[in-house]
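Colleague: Let's see this in three dimensions:
(2 chains)
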Amino acid sequence: MNKLKAIIFTIGLSSMNFLIAGESAVSGTNAVSDAATNMLRGNAKFNVVATVLVLIFIGIVLYLIRLDRKMTKLEKQINQK
Amino acid sequence: MQSNSTGYKLIKIGSIVLILYVLIGGLFLPLKTGITGVSNGQLKSNEPQSFSVDLYNPGSGFVAEKVILKHKNLVFQSQENQYNEAGYLNSKINVILGDTQHSQLFDVFVFGSSSVSPKQWMYFPDAVWVEKSKSDTGVSNKIELSNLTSLVKQDVQSGFPNRPILNESIRNLLYHVPMWFSMMFLLLLSVIYAIKYLMKNQLKDDLWSESFIKIAILNGILGCVTGSSWASITWESWWPSDDPKLNGVAIGMFMYLAYLILRTSLKDPYQRARISSVYAILIYPIFMALIAIMPKLSADTLHPGSGGTVGFNKYDLDNTLRLFFYPAVIGWILFFIWISILRYRFETIKNIQIEREDNE
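Modeller: Now for the predicted structure:
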């Protein structure tokens, strides 16, 4: 469970970084944030479609991992008897 | 729901087939010809100037019949257009604003055709700035709008509509929007099961209601995250706070998070089921009002189809988007119902195990 929390924490932290970087992209001062928004804008804004699909996939997979762990716990309980 | 019933199999297979269809079609179907940008768009009036228009998917041998700068009734036509096979259309224009007009921001309109695209109008808003020169004092060389009305739009090119600002990201309609449709549908199901619980007092109905709400919250988070990344390039902000739909969704999500906290705070299963059922029934109309009715009443919103903004269906002239949008909505809804059923089945087994332990 601790491992899962660490994974979620890391992903959350990195996405926060991404969000903060994007926020200052409007003012156009941060070189890293410019790179991030330019990536999303690439291929006539197709890259944002790819990003959306990846985000949906990550969301579903994170949920499945959680369910998987709960199931393993239940299985252990049943097998102990 | 029995795990081997036909309805359950239909949900599983149907969702997979529909989502595969939407993924393949939605990603590989081409976008129609359109303008993605204008370079060298800073012009001076009363002298020959040139600017170039970036065309997207024009096909080989594109011929531009007319390139026009337009600001309300002020219309100017270019003298010469040269298409470069790299995708650029170079236009030469001499704008004379005349005595009465000032420096202005113009929309660019292109009328043309190629081997793949029929004759059609394309446009890009606020693309060219014309600075008034000091020598520009004579009579304006603007043309009459009525001269252009004879050019009728004949848009039958196949593919998704190519809108300015949106461009390829219009495909997100098939992935971002169904998340919200699915959330609303799952919440409706949860209300139905909550009513069923209050009528029959069976704990399994409450478990259904809870499963649907939990997956609906997952849907809401996915919708927020995907919408945020889409907004960052089209609306130039990760969370445009003046949009009523976004504010409504933020409040609505907190209401449903409160539902989860309410459940964990009550220990007696029957009391928990009764109180949370009543809460789920009460907040559904408020949630729908916040995300569906309030944005429609609002004067200006960024989301298409509400307030003063037109929906995508207006641009979808040959129904290509519709052909994928309805299957996308049905497919994603079935997919998340499937996950809800998995969750329900898991919770039932867990409850049986807890009962067994209590008996021993």
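Colleague: ok and the residue in chain A nearest chain B?
Modeller: Closest approach of chain A to chain B (C-beta to the nearest C-beta) occurs at residue A:46, with a separation of 3.8 Å. Where C-beta positions appear, they are placed from N, C-alpha and C, glycine not excepted.
Colleague: ok but residue B:65 is inside a strand, no?
Modeller: Yes. Assessed by DSSP: H, G, I helix; E, B strand; the rest coil, residue B:65 belongs to a strand.
Colleague: OK, contacts around it?
Modeller: Shown in contact with residue B:65 (C-beta atoms under 8 Å, 6 or more residues apart in numbering or on different chains): B:111, B:112, B:113, B:119, B:151.
Colleague: buried subset of the residues you listed?
Modeller: Buried members of the contacts of residue B:65, scored by 16 or more other C-beta atoms under 10 Å in any protein chain shown, are B:111, B:112, B:113, B:119.
Colleague: what's the residue of chain A closest to chain B sitting at in phi/psi?
Modeller: As for residue A:46, its main-chain torsions (degrees, to the nearest 10) stand at phi -80, psi -30.
Colleague: next one: residue B:82
Modeller: When read as degrees, to the nearest 10, the backbone of residue B:82 gives phi -130, psi 120.
Colleague: Disregarding residues adjacent in the polypeptide, which is nearest to it?
Modeller: Nearest residue to residue B:82, sequence neighbours excluded (C-beta to C-beta, 6 or more residues apart in numbering or on different chains): residue B:90, at 4.6 Å.
Colleague: Quickly find the element holding residue A:38.
Modeller: Element membership for residue A:38 (DSSP states H and E) is helix A:31-45.
Colleague: What score does the closest residue to chain A within the stretch 101-250 of chain B have for pLDDT?
Modeller: As assessed by C-beta to the nearest C-beta, chain A sits closest to residue B:168 within the stretch 101-250 of chain B, at 3.8 Å. pLDDT, residue B:168: 87.
Colleague: burial measure for it, as a count.
Modeller: 24 (other C-beta atoms under 10 Å in any protein chain shown).
Colleague: Okay, now the unreliable bits of the stretch 1-150 of chain B?
Modeller: In the predicted model of the stretch 1-150 of chain B, residues B:1-3, B:147, B:149-150 satisfy pLDDT under 70.
Colleague: still on that earlier bit, which positions in the helix holding residue A:38 come out as buried?
Modeller: Neighbour counts over helix A:31-45 (16+ other C-beta under 10 Å) mark A:33, A:36, A:37, A:40, A:41, A:44, A:45 as buried.
Colleague: ok, back up a step: and the residue nearest to residue B:82, how far is that from chain A?
Modeller: 20 Å (C-beta to the nearest C-beta, to the nearest Å).
Colleague: show me the contacts for that residue.
Modeller: Under the criterion of C-beta under 8 Å, 6+ apart, the neighbours of residue B:90 are B:50, B:51, B:52, B:81, B:82, B:83, B:84.
Colleague: Tell me if it really is in a strand.
Modeller: Yes. Residue B:90 forms part of a strand when assessed by three-state DSSP.
Colleague: Bridged to it, which residues?
Modeller: Following DSSP bridges, residue B:90 is listed with bridge partners residue B:52, residue B:82.
Colleague: The residue of the stretch 101-250 of chain B closest to chain A reaches residue A:46, doesn't it?
Modeller: Yes. Residue B:168 is within contact range of residue A:46, at 3.8 Å (criterion: C-beta atoms under 8 Å).
Colleague: Identify the contacts common to those two.
Modeller: With C-beta under 8 Å, 6+ apart, residue B:168 and residue A:46 have no common neighbours.
Colleague: how many neighbours does residue B:140 have?
Modeller: When neighbours are counted by other C-beta under 10 Å, residue B:140 registers 16.
Colleague: Hmm, residue B:294 and residue B:248 touching each other?
Modeller: Yes. With contact defined as C-beta under 8 Å, residue B:248 and residue B:294 form a contacting pair (5.5 Å).
Colleague: More neighbours: which of the two?
Modeller: More crowded of residue B:248 and residue B:294, by other C-beta under 10 Å: residue B:248, with 21 against 18.
Colleague: Could you say which helix or strand holds that one?
Modeller: Here residue B:248, judged by DSSP H and E, is contained in helix B:244-265.
Colleague: Just the angle for the helix or strand that that helix is followed by relative to helix B:244-265, thanks.
Modeller: With elements assigned by DSSP H and E, the helix or strand that comes after helix B:244-265 is helix B:269-288. Using axes from the mean of the first three to the mean of the last three C-alpha atoms, to 10 degrees, the direction of helix B:269-288 lies 180 degrees away from that of helix B:244-265.
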